[in-house]
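Undergrad: what shape does this take:
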Amino acid sequence: MAGYIEDRWIKKKKDPVTGKRERTSRYGKGSRYRVSGIPGVRDRSFETLEDAKAWLRRSSTDQERGDFVDPRDGSILLEDYVQRFWFPGMTGSVKTRQNQSRKVLLHVLPYLGQVPLRDVSAARLRAYISDLEKSCSPQYARAILGALSNIFETAIDDKRLTRNPMRARSVRWPKADDVRREAWPLETARRMRDSINDRYRITVVLGLGCGLRQGEAFGLSPDDIDYEKGVLYVRRQVQSFCGRLYFTLPKGGKTRVADMPASVAHELRKHSEKYPAVEVELPWGEPGKPTVKVLLLLTTRFGNAVAVNTYNTYVWKPALARIGIIPPQPAGAKPWQWKAAHRDGFHVLRHTYASVVLEAGESVVTLARWLGHSSSVITLRNYAHFMPEAGGRGRRAIDGLLGDPANPVVEN
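TA: A predicted model of the protein is given here:
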């Protein structure tokens, strides 16, 4: 077994004259026994020989298995670990990193930042979650806890912890609410299409007719439209970070092919004739990265890419007010102070598209592919309530097999 125990108070060699082991200059000072010589493991001192032997056995075995974690590495404060090691190693899009950072800075560090990593116990987490549930929605609380759990997982990889306290059986995350996606009545959707600023009418058409997300509609190029096959190639979106626009891949980093009905193709041709496409140059991936030039179907009247916040404030909300979804802008209020419910954001067009397609009897698998969901399970979870025939077809099939008491089959 690698490693050895050193007595720091008594010299190892005996005096040649007296035959006794003499005291060292450290006699009576500090911990007496030091464990040394384990490859990759720092020396550690103990008060008693029994403790030193136990540590030597355990750490040698863990070191051979590759499971050794020095508890002193877990003495670092959670805030110090996050700032020095977790933040610099974050991955994902710039907006994802920003959102994760905000959750940790606002909701984790003020409560647990001054606690050493190794002292974040299940009891402490239960109390923390209880307080968190009082100030956040269940969905947002779960997102915060997900970021915290990721911090602990990273600390395990860095050999600072042996286990993730968020995975303790007694630590129960808030149960996510069963939030049903709401769609607009078709008449409301049509009124929105006809009431919005004419230059941006095509955004409503793309949301209602193809299920495109807002940024995807802003990033659509004439080169992405295949009129012959009747499809759209969703290859990019326009996003904003700290007021600076950039191109990036669609949500999840995946391109996809979306179905394009003839009515949408007709609207696209009309828009292209009235508002010719403009080549726009923006960074790719995040602000500050190398730029690319893309011919955009939709631009502002100044020939720039459309910014989400500007669109929502000066195009979307006025249209909502015109059709009576929200009250008119309050007198004296700034445009950005004009409030609209989250359920009435641009994404409601995507929900309406899904409801129409499912109620028409289209396959969930097909819709999932058009929407860009990674699994049809996600589509089913979000939109199953839009399927009035769910269960009905199976019921009629069984009745056909066994006979329906209300309509008995008469045998000849």
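Undergrad: so what are the domain limits for this structure?
TA: The chain resolves into domains spanning 4-68, 74-167, 186-372+380-386 when parsed by automatic domain parsing.
Undergrad: adding mean neighbour count and distance to Trp173, write those out as TSV.
TA: C-beta: built from backbone N, CA, C; applies to glycine. Shown next, in TSV, are the domains of the chain (neighbours: other Cβ atoms under 10 Å; distance: least, Cβ to Cβ, whole Å):
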stretch	mean neighbour count	distance to Trp173
domain 4-68	13	27
domain 74-167	16	6
domain 186-372+380-386	17	18
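Undergrad: any chance of those domains in CSV, with mean pLDDT and distance to Pro174 too?
TA: Written out in CSV, the entries for the domains of the chain read as follows (pLDDT from 0 to 100; distance: least, Cβ to Cβ, whole Å):
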stretch, mean pLDDT, distance to Pro174
domain 4-68, 77, 32
domain 74-167, 91, 4
domain 186-372+380-386, 91, 18
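Undergrad: can you tell me the helix or strand for the closest residue to Leu296 other than its chain neighbours?
TA: Ranked by Cβ to Cβ, 6 or more residues apart in numbering and with sequence neighbours excluded, the top spatial neighbour of Leu296 is Val280, at 5.0 Å. Assigning secondary structure by DSSP states H and E places Val280 in strand 278-283.
Undergrad: name the strands paired with that strand and say parallel or antiparallel.
TA: Using DSSP bridges, the neighbouring strands of strand 278-283 in the sheet come out as strand 291-296 (antiparallel).
Undergrad: would you agree Glu182 is in contact with His351?
TA: Yes. With contact defined as Cβ atoms under 8 Å, Glu182 reaches His351; the gap is 6.3 Å.
Undergrad: let me have the domains of the chain in a markdown table, extended by distance to Lys175.
TA: Output for these, formatted as a markdown table (distance: least, Cβ to Cβ, whole Å):
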| stretch | distance to Lys175 |
| --- | --- |
| domain 4-68 | 34 |
| domain 74-167 | 6 |
| domain 186-372+380-386 | 15 |
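Undergrad: can you map out the strands along the protein?
TA: Secondary structure of the chain, counting by DSSP state E: strands at 4-7, 10-14, 21-23, 33-36, 44-46, 225-226, 231-234, 237-241, 244-248, 256-259, 278-283, 291-296.
Undergrad: which one of these lies closest to Asp157?
TA: strand 44-46 (22.4 Å; Cβ to Cβ).
Undergrad: the closest one pairs with which strands, parallel or anti?
TA: Neighbouring strands of strand 44-46 in its sheet, by DSSP bridges, are strand 33-36 (antiparallel).
Undergrad: what's in contact with the strand it pairs with?
TA: 3-8, 43-49, 51-52, 55-56, 59 (Cβ atoms under 8 Å, 6 or more residues apart in numbering).
Undergrad: now do 10 Å
TA: Contacting residues not belonging to strand 33-36 are listed as 3-9, 41-56, 59-60 [Cβ atoms under 10 Å, 6 or more residues apart in numbering].
Undergrad: stretch 14-23 too?
TA: Taking Cβ under 10 Å, 6+ apart as the criterion, the residues outside stretch 14-23 that touch it are Asp7, Trp9, Ile10, Lys11, Lys12, Lys13.
Undergrad: many thanks, I have nothing further to ask.
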